[in-house]
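**Student:** for reference, the sequence and a predicted model appear below.
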Amino acid sequence: LVRTPAKTYFSDDAYAELEDALLTYGQQKLGCSAITPIWLSCYIDGCYQGLHADNPHGPWAFVLSLTDDRGEAKLSFAGGETLILKPSVLEYWRTFDPAKGAEEGTLLDRVAPRFNQLTVFDPRLPHGVSRVHGTHDPSKGRLVLHGWFADPRPFFEGALSEATVQDTLNECLETIGQDLQAMPPAVGMLAVRLHVTPQGSVESVDWLSDTLVPRPGAPVLALDGACVEPPEDARALILELIVEHIAKLSFPQADGATQITIPFVFE
């Protein structure tokens, strides 16, 4: 495995364009405002990466493949897939079915390297790279850019400025935070986008990204103290609470529509 900071490999203009494209994607699709420094990695025959988890770097990991398989180009190697452990494996006994066996395909997701393909996933899930078999030529190996989307924060687009909506939004978020204290504990991140009409009402809510899971080992209880089973019901309680509050928001009238992206981080 050969690895180097991507910034030292590409020209300043090319790297700036790449970074800007990834930042735009992270903002519009994930609710993240930053990315970690991007790495460039090349895998040739015998190279692989064992399963591991990258918890502290950012809420979303990415792999952007530069491996050339376009047109008549054919891969000069086998393997090199991004491996991601299926979430069901982490709750193996809760979903265990004694009537069914388990093969690798039911335990791992495999993402083949394809040119210009962006793979985004929860870095808390154990992941790795399958062993490459074939070429010893770095120019024909598994070539990828990778890093993490980081720093979730609100974004504002449209007629209303951040300063105009900040007080109303902060009051709502504070109320949500207080009510979440009575909810089943969870970890992860989710991001939503509000579509605000010129009249100031919330027309619709889009769910952008979601890695929320009930906190492992914690009792999963509803507000009345009853057990919530399965844990997906605990997620539903949290999501319903958030939608209930943000759907009622009312902002000042403006000359046009506004989109507000709000990330929620649970630790």
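**Tutor:** Everything's here; your move.
**Student:** next up, the contacts around the residue nearest to residue 140 when sequence neighbours are not counted.
**Tutor:** Closest residue in space to residue 140, ignoring its immediate chain neighbours: residue 76 at 4.1 Å, by Cβ to Cβ, 6 or more residues apart in numbering. No exception for glycine: its C-beta is placed from N, CA and C like everyone else's. With contact set as Cβ atoms under 8 Å, 6 or more residues apart in numbering, residue 76 has these partners: 134-135, 137, 140-141.
**Student:** how close does the residue nearest to residue 88 when sequence neighbours are not counted get to residue 110?
**Tutor:** In this structure, residue 88 finds its nearest non-sequential neighbour in residue 95, 5.1 Å apart by Cβ to Cβ, 6+ apart. Remark: distance between residue 95 and residue 110 (Cβ to Cβ, to the nearest Å) = 20 Å.
**Student:** could you do residue 244 as well?
**Tutor:** Taken as Cβ to Cβ, the span from residue 244 to residue 110 is 39 Å.
**Student:** same question, residue 61
**Tutor:** 16 Å.
**Student:** helices or strands up against the top helix by length along the chain?
**Tutor:** Secondary structure of the chain per DSSP state H: the longest helix is helix 162-180. If you count contacts as 3 or more Cβ pairs under 8 Å, 6 or more residues apart in numbering; DSSP states H and E, helix 162-180 packs onto helix 231-246, strand 258-266.
**Student:** export the ones you listed to a markdown table and tack on mean pLDDT?
**Tutor:** Formatted as a markdown table, the helices and strands packed on helix 162-180 follow (pLDDT from 0 to 100):
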| stretch | mean pLDDT |
| --- | --- |
| helix 231-246 | 84 |
| strand 258-266 | 95 |
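**Student:** closest to residue 1 out of these?
**Tutor:** Of all the helices and strands packed on helix 162-180, strand 258-266 sits nearest to residue 1, with 31.9 Å by Cβ to Cβ.
**Student:** what's that closest one packed up against?
**Tutor:** Applying 3+ Cβ pairs under 8 Å, 6+ apart, one finds that strand 258-266 contacts strand 155-158, helix 162-180, strand 186-196.
**Student:** what strands line up against it, and which way round?
**Tutor:** If you go by DSSP bridges, strand 258-266 pairs up with strand 155-158 (antiparallel), strand 186-196 (antiparallel).
**Student:** okay if I get those as JSON lines plus distance to residue 11 and mean neighbour count?
**Tutor:** Below are the strands paired with strand 258-266 laid out as JSON lines (distance: least, Cβ to Cβ, whole Å; neighbours: other Cβ atoms under 10 Å):
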{"stretch": "strand 155-158", "distance to residue 11": "29", "mean neighbour count": "16"}
{"stretch": "strand 186-196", "distance to residue 11": "32", "mean neighbour count": "20"}
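**Student:** can I get those strands in CSV with distance to residue 101?
**Tutor:** Listed next are those as CSV, based on distance: least, Cβ to Cβ, whole Å:
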stretch, distance to residue 101
strand 155-158, 46
strand 186-196, 30
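**Student:** for residue 51, which of the ones you listed is the nearest?
**Tutor:** Closest of the strands paired with strand 258-266 to residue 51 is strand 186-196, at 19.8 Å (criterion: Cβ to Cβ).
**Student:** let me see the mean pLDDT of the very next helix or strand once past the closest one.
**Tutor:** Where DSSP states H and E defines the elements, the next helix or strand beyond strand 186-196 is strand 202-210. Averaged across strand 202-210, pLDDT comes to 94.
**Student:** got the contact list for strand 202-210?
**Tutor:** Applying Cβ under 8 Å, 6+ apart, the external contacts of strand 202-210 come out as 29-31, 60, 188-197, 243, 246-250, 257, 261.
**Student:** please repeat the previous calculation with a cut-off of 7 Å.
**Tutor:** With contact meaning Cβ atoms under 7 Å, 6 or more residues apart in numbering, strand 202-210 is reached by 29-31, 190-197, 243, 246-247, 249, 261.
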